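>>> After the sequence you'll find the predicted model.
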There are 4 protein chains.
Amino acid sequence: MVRVVILGQGYVASIFASGLEKIKAKKIEPYGVPLTDELPIKIKEIEIVGSYDVDKAKVGKDIYEVVKAYDPEAPESLKGITIRKGVHLGSLRNLPLEATGLDDGMDLKEAVEHLVNEWKELKAEVFINVCTTEAFQPFGSRKELEKAIKEDNRKRLTATQVYVYAAAKYAKEVGGAAFVNAIPTLIANDPAFVELAEESNLVVFGDDGATGATPLTADILSHLAQRNRYVLDIAQFNIGGNQDFLALTDKERNKSKEFTKSSIVKDLLGYDAPHYIKPTGFLEPLGDKKFIAMHIEYISFNNARDELVITGRINDSPALAGLLVDLVRLGKMAVEKKAFGTVYDVNAFYMKNPGPKERPNIPRIIAHEKMRMWAGLESRWL
Amino acid sequence: MVRVVILGQGYVASIFASGLEKIKAKKIEPYGVPLTDELPIKIKEIEIVGSYDVDKAKVGKDIYEVVKAYDPEAPESLKGITIRKGVHLGSLRNLPLEATGLDDGMDLKEAVEHLVNEWKELKAEVFINVCTTEAFQPFGSRKELEKAIKEDNRKRLTATQVYVYAAAKYAKEVGGAAFVNAIPTLIANDPAFVELAEESNLVVFGDDGATGATPLTADILSHLAQRNRYVLDIAQFNIGGNQDFLALTDKERNKSKEFTKSSIVKDLLGYDAPHYIKPTGFLEPLGDKKFIAMHIEYISFNNARDELVITGRINDSPALAGLLVDLVRLGKMAVEKKAFGTVYDVNAFYMKNPGPKERPNIPRIIAHEKMRMWAGLESRWL
Amino acid sequence: MVRVVILGQGYVASIFASGLEKIKAKKIEPYGVPLTDELPIKIKEIEIVGSYDVDKAKVGKDIYEVVKAYDPEAPESLKGITIRKGVHLGSLRNLPLEATGLDDGMDLKEAVEHLVNEWKELKAEVFINVCTTEAFQPFGSRKELEKAIKEDNRKRLTATQVYVYAAAKYAKEVGGAAFVNAIPTLIANDPAFVELAEESNLVVFGDDGATGATPLTADILSHLAQRNRYVLDIAQFNIGGNQDFLALTDKERNKSKEFTKSSIVKDLLGYDAPHYIKPTGFLEPLGDKKFIAMHIEYISFNNARDELVITGRINDSPALAGLLVDLVRLGKMAVEKKAFGTVYDVNAFYMKNPGPKERPNIPRIIAHEKMRMWAGLESRWL
Amino acid sequence: MVRVVILGQGYVASIFASGLEKIKAKKIEPYGVPLTDELPIKIKEIEIVGSYDVDKAKVGKDIYEVVKAYDPEAPESLKGITIRKGVHLGSLRNLPLEATGLDDGMDLKEAVEHLVNEWKELKAEVFINVCTTEAFQPFGSRKELEKAIKEDNRKRLTATQVYVYAAAKYAKEVGGAAFVNAIPTLIANDPAFVELAEESNLVVFGDDGATGATPLTADILSHLAQRNRYVLDIAQFNIGGNQDFLALTDKERNKSKEFTKSSIVKDLLGYDAPHYIKPTGFLEPLGDKKFIAMHIEYISFNNARDELVITGRINDSPALAGLLVDLVRLGKMAVEKKAFGTVYDVNAFYMKNPGPKERPNIPRIIAHEKMRMWAGLESRWL
């Protein structure tokens, strides 16, 4: 069994919940789950035990009602979990939603205490953080982090940062837990949090679930690098209609995302080819199925100039939700292995911005094999 | 030094010759050469010592004259090699060219003898076969092959098959040589030839140089397989204006190409997703820069359906020519290592249809690392 | 009221029937019907009164049962029409279907007689021919056509040709009827049939409903022509999984399609730019939603070279079915106007190969306006 | 003869100058010039007599030197024209260029006077305005405009607005002139300027030359509208590496461009389909050859959902430069016809934002025919 607590009951979390239940009921195949049932912990052992949100329209509702709004075919087996109030700290700023949070009625230390108590009650094992993309600043130092909590510094902290802090406290008290950070806020890449995790029996996976065009770009760039083709420029657009894209029209949040993705080019090519890679816009009718377009121009042998264009329609939330089905199980395995802190071998495959900070992006196809080996599985092609 | 003999002085061989000389003269960067100067044998050590063709308009000409027709910036350092008469066996059938070959004036055994003698004089070390795509039948058994030569069976044999036979005879006599088969005719995948090579001190690399859309498709399929996305269908078109595309409008030749590429899907996905992958047409003004278009549809988590479309303009000949700069050096290294027969670790990265017959396609990104290790280089990402 | 008889109850006819009934019941909007309810004859006045097919699995069934196989949401209002036996003349050759036809039990003259009698009973006003693409030869002369019927020459005649012959006979007897030829077989482009139609009170619209990539190509070529950009080459691929694509894998049928589409390039550009435009393949999982890919390269001012690539997923049958909702009404209007023979102003917008033979393709955007004027509507932009 | 004065000697003007001279010398074909030599005024009659710029590195140089930097094959026949100092008014703000202008040393009234005097000396007939995209505000009223000039209000006025004001003054004095506004600043769409032009014997064509993806989008939307396909959403990206794209990274300028293009959707479809159409980014290695990507999703018959994707590499400056070869001739013709003010029939084909303000976008294919008729030519397809 893996007891999962969701932080942010939005599109991704809802598709995760719905798909998970359908797979457990054998209504659908586990497509999009990289390791399916190869792991010692099986998919059917995953159980959602709690869910948090800060949207006034969701808090207090049964999770089934919320999931159904995202997936009309949500199974009724989801019924029975009430969505609890989380921490917002302005995370819904500039979005057409009314926020409600523990932080409205108490200071941050109290909120952390409150969460830890609830999680004990829920016997949480793994947290998955799928909040809306935040405008954030990494901490870098443990001291700064502790100080911000202590001083109730709401301008400095984001919801995610408070959740990880609470999860660390919780893990320390109960002997172990895992936190999967699927959004861009730097956690596994912030030494402050990695150090905190190491000392608190917390496993942190992160940052930013590797979905969408970026992992594909990574493998295509690796493909070119291995042939010593010289990349002249890369343009990558993507536009979607879900709340994540809406949030990114907010300039500050967009900036954090941009930061995340850019290092890939240099890590894989070995030089920083000029590139324009960022979420481009919001167009509501596209919904969760974003449109991506990518253009790559490179020099081949004898100075020949080639061009590649990749376009696609990709369902954003399912891509991430499928990875979470692995990540919650790998999180529990990491706790069992006492691999506290963060685990690069897992992050390198599943995350856009694999922590810790000093580790690079590598081709996903190779990262996959290494991750398998970390998980005790045979490599497929090595 | 690597002494190279070219078989088929067409587009690929001419770009190979021109680009090689420019790199040696430091006029251009070695882009498109996967291993650049990482190998113990350096690019500047490669020397073209002989060239064969069967186009009446080319035989007897200086190689520089022919190369210039393909690349107006061909360097004059190419001057001094006269193109010799090879074997055609109908390989120009249905093409707007007049053929001339040794086989016009002698039987096949005599032609083989003739070639072996010339090669001794040239002190050939590595042969690169870049003839026009042939309509062929694999032999399977050594006996059948020997019989066809002996009986001068011109309907059964292709030029490539005769060249490999001659190269084996030559290698046996001089103690070692390598044959790089960059076209679809099965050589490294034909047990008859692999066995012959093993016994004759011949290294064979093949078959069909891994250029164009196929290796990219391979890496993209691996990318999907590693995420357990279920591929519904794959359509891949490509159209070009060079002689290779013209030759493929000839139905029989096209068939051999089609056979080559199809196994990739099953090898990489683990199931035979419905696919349509074949050269599609000839359109002269496109020249050597083909247009490719690929459509892939797959199922992601929670039964979401995604689509990818890849299009591109890719220079056909330089892509292959750049690989040849590695392959001639790896060929000489294999001879030195006495790795006679064929070398899967090399083929798996450089060939569309990596021999021997029973070995599968694997993701190119991984094949690259294994090939590096075979060549004594450090892996980049493993 | 417009009393419609369907010839060929396949995908297009079934989507036509289903969509029509849904629009009449106000369940859906009339999207894809160019003239919606601008015409004096309204959509709700269209009534399907008969349907013919030669697939043993369909003949004798209620049309509702057949339509439901193509559109699970087919409305029950379709019930009550039994699919009758038509003429096959080998039209299902090489398809995985068992054929049954009037021509199995009688000679062609008798079959024609039989059809005419049934149509009188049905009080047919407009026929829509949406048979499977045929391998055919145009007649050119009336005499040849009459002779073929008289001599029961089954090798010379296709099902469509016999249907038009029968429709002419019927129109002559009842005073007027219209025949919409939505497939590539030349009818409105065959002087033999146009002459027959003129003399028989028959209106013929044709040939080959203008759906898919071709009309879009036409407008894009017009766009380039108007800016005097010099088109170097055009490649257009399309691949689908419906029976029409399966039929086109049959070489002879494909040839007839190819003939149809090629003239567009010269008609619109004024010169015959090198092009490769033909249905490319069959890939079953694509179903009725084909994948198209098009590449156009041209020279702009100061010898600059530009490239356009168009790709798409397009539902094949609905695109044609929507046009038929106009064409049956325009057919009746033409009969009322006594515009017997064929009507270029209608064909030029709705058909890939607008008859009569000597008339060219023109930009669809302009053809649309002219067609509106023919129909007595105000032009939108002229 | 047409005596042309260039305002803004950047990429477009330089390609215009270079291509024009090459056509006049019969070195290249007049591709990209819509009306070639169909007009009564021939291409060879066009003469560039003056050129203005505000880039310190250009002012005072021979036009040939500047053109050569954009087109290495610039013909020497360009020699002999010295680039004069224009008006900048902050138009190079945020660009990596040093500005110099008449406005640095005199007030605006004096600058206008200065220009008018120079133009008299040059005997200018047609002005083409190809300045860098400006951040501007339309005037709306004549009075406001006159006041801004009088009060030397440099914050309110842009270089273009001052140039048109000067051109009007000049035209009034000499009896007629034409001003082609090829950039987004509203001139032909600003009643203040149209009124001024009418009263001053000035012809104004504008606004914003119809190049790039927008006119193609227009024709594709018309194509869909004529088939009553319901457009769900449109996303259009474009990214380039020339100075125009660099300027658009400046937020305010980008806003003006966005305004220009949006009305097309509603004008052509009849409803305002959700869309995201704007220049997306700057990526230097792309140079003048921008990359465009467009996605359109629509509903067809029976609620089928189709998708189109258009991508391309398009040379930005030649596309506009080719149109200018027509526009300067049409400008002179309009002066001869005394068609003072603005000419919608010309604007509707050549401009993204065809003035006057109250007139809509129409399909370009139709606009072309109407423009031909205005110019006294036969329509090609009507």
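Happy to help now that I have it.
>>> Distance check, the closest residue to A:D152 other than its chain neighbours against A:S91.
Spatial nearest neighbour of A:D152, chain neighbours left out: A:D107 (4.5 Å); criterion: Cβ to Cβ, 6 or more residues apart in numbering or on different chains. No exception for glycine: its C-beta is placed from N, CA and C like everyone else's. Per Cβ to Cβ, to the nearest Å, A:D107 is found 17 Å from A:S91.
>>> which stretches of chain A form helices?
For chain A, the helices defined by DSSP state H occupy A:11-24, A:63-70, A:102-105, A:108-122, A:142-150, A:159-174, A:191-199, A:213-226, A:243-248, A:251-269, A:316-336, A:344-350, A:364-374.
>>> low-confidence ranges in chain A?
A:254-262 (pLDDT under 70).
>>> domain assignment for it?
A:2-209+A:318-374, A:213-315 (automatic domain parsing).
>>> and the last one, how far from the chain's centre?
The reference is to domain A:213-315. Put simply, domain A:213-315 sits 18 Å off its chain's centre (Cα atoms, centre = their mean, to the nearest Å).
>>> Equivalent analysis for the first one, please.
Taking Cα atoms, centre = their mean, the mean C-alpha location of domain A:2-209+A:318-374 is offset from the chain mean by 7 Å.
>>> measure it end to end?
19 Å (Cα to Cα, to the nearest Å).
>>> repeat for the shortest one
Between the start and the finish of domain A:213-315 there is a gap of 11 Å, counting by Cα to Cα.
>>> Wait, A:T217 touches A:F237, no?
No: in this structure A:T217 lies outside contact range of A:F237 using Cβ atoms under 8 Å: 11.9 Å.
>>> Could you check which of the two has the larger neighbour count?
A:F237 (29 against 23; other Cβ atoms under 10 Å in any protein chain shown).
>>> now A:A192, nearest residue through space, not along the chain?
Nearest residue to A:A192 in three dimensions, chain neighbours excluded: A:F139, at 3.9 Å (Cβ to Cβ, 6+ apart).
>>> got the contact list for the one you found?
Counting by Cβ atoms under 8 Å, 6 or more residues apart in numbering or on different chains, A:F139 touches A:145, A:148, A:161, A:190, A:192-193.
>>> do the same with A:I264
Here A:I264 is in contact with A:214, A:217-218, A:221, A:277, A:352, A:361 (Cβ under 8 Å, 6+ apart).
>>> Rebuild these as a markdown table, extending it with distance to D:S379.
Listed next are those as a markdown table, based on distance: Cβ to Cβ, whole Å:
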| residue | distance to D:S379 |
| --- | --- |
| A:T214 | 51 |
| A:T217 | 48 |
| A:A218 | 54 |
| A:L221 | 51 |
| A:I277 | 47 |
| A:K352 | 55 |
| A:N361 | 58 |
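>>> Identify the farthest-apart pair in the residues you listed.
Spatial extent of those (Cβ to Cβ) is set by the pair A:L221 and A:K352 at 13.6 Å.
>>> From the centre of chain A, point out the most distant residue.
A:N302 (42.5 Å; Cα atoms, centre = their mean).
>>> is it true that it touches B:A17?
No: applying Cβ under 8 Å as the test, A:N302 and B:A17 come out as separate, 9.8 Å apart.
>>> still on that earlier bit, between A:T217 and A:F237, what contacts are shared?
Common contact partners of A:T217 and A:F237 (Cβ under 8 Å, 6+ apart): A:M294.
>>> Tell me if stretch A:286-295 is near chain D.
Yes: using Cβ under 8 Å from any Cβ of the partner chain, stretch A:286-295 reaches chain D at A:286, A:291, A:293, A:295.
>>> Can you tell me how far the nearest residue to the second one once chain neighbours are set aside is from C:K169?
This points to A:F291. Closest residue to A:F291 apart from its sequence neighbours, by Cβ to Cβ, 6+ apart: D:H295 at 4.6 Å. Note on D:H295: its distance to C:K169, by Cβ to Cβ, is 50 Å.
>>> How about A:P96?
Distance from A:P96 to C:K169, by Cβ to Cβ: 67 Å.
>>> Which one's more surrounded, those two?
Taking other Cβ under 10 Å, A:P96 and C:K169 do not tie; C:K169 has more neighbours (20 against 7).
>>> That one contacts C:V116, correct?
Yes: the criterion here is Cβ under 8 Å, and C:K169 meets it with C:V116 at 5.3 Å.
>>> out of A:D107 and A:S91, which sits in the more crowded spot?
A:S91 (25 against 15).
>>> Quick check: the more buried one vs C:E21, distance?
50 Å.
>>> Same check on A:N181?
In this view, A:N181 and C:E21 are 53 Å apart by Cβ to Cβ.
>>> Those two: who's more crowded?
Neighbour count, other Cβ under 10 Å: between A:N181 and C:E21, A:N181 has more, with 34 against 20.
>>> Grab the nearest non-local neighbour of the more buried one.
Using Cβ to Cβ, 6+ apart, the closest residue to A:N181 is A:G206 (3.4 Å).
>>> what does A:G101 give?
A:G101 sits nearest to A:H88 (Cβ to Cβ, 6+ apart), 3.7 Å away.
>>> contacting residues for that neighbour?
Contacts for A:H88 were tallied using Cβ under 8 Å, 6+ apart; they are A:54, A:99-101, A:103-104, A:159.
>>> And the buried ones among the residues you listed, selectable in ChimeraX?
Buried members of the contacts of A:H88, defined by 16 or more other Cβ atoms under 10 Å in any protein chain shown, are picked up in ChimeraX with:
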select /A:54,99,100,101,103,159
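>>> Can I get the contacts of A:H88 in a markdown table including distance to D:L7?
Formatted as a markdown table, the contacts of A:H88 follow (distance: Cβ to Cβ, whole Å):
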| residue | distance to D:L7 |
| --- | --- |
| A:V54 | 55 |
| A:A99 | 52 |
| A:T100 | 58 |
| A:G101 | 57 |
| A:D103 | 58 |
| A:D104 | 59 |
| A:A159 | 54 |
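>>> so which of the contacts of A:H88 would you say is closest to chain D?
A:A99 (26.5 Å; Cβ to the nearest Cβ).
>>> Now do that closest one against chain C, distance only.
Computed with Cβ to the nearest Cβ, to the nearest Å, the distance linking A:A99 and chain C is 38 Å.
>>> How about A:N129?
Using Cβ to the nearest Cβ, A:N129 is found at 35 Å from chain C.
>>> and if you look at A:L248?
From A:L248 to chain C the distance is 26 Å (Cβ to the nearest Cβ).
>>> which phi and psi does the residue most central in space within chain A have?
Closest to where the C-alpha atoms of chain A average out (Cα atoms, centre = their mean) is A:A182, at 0.9 Å. Dihedral pair for A:A182: phi -90, psi 0, per degrees, to the nearest 10.
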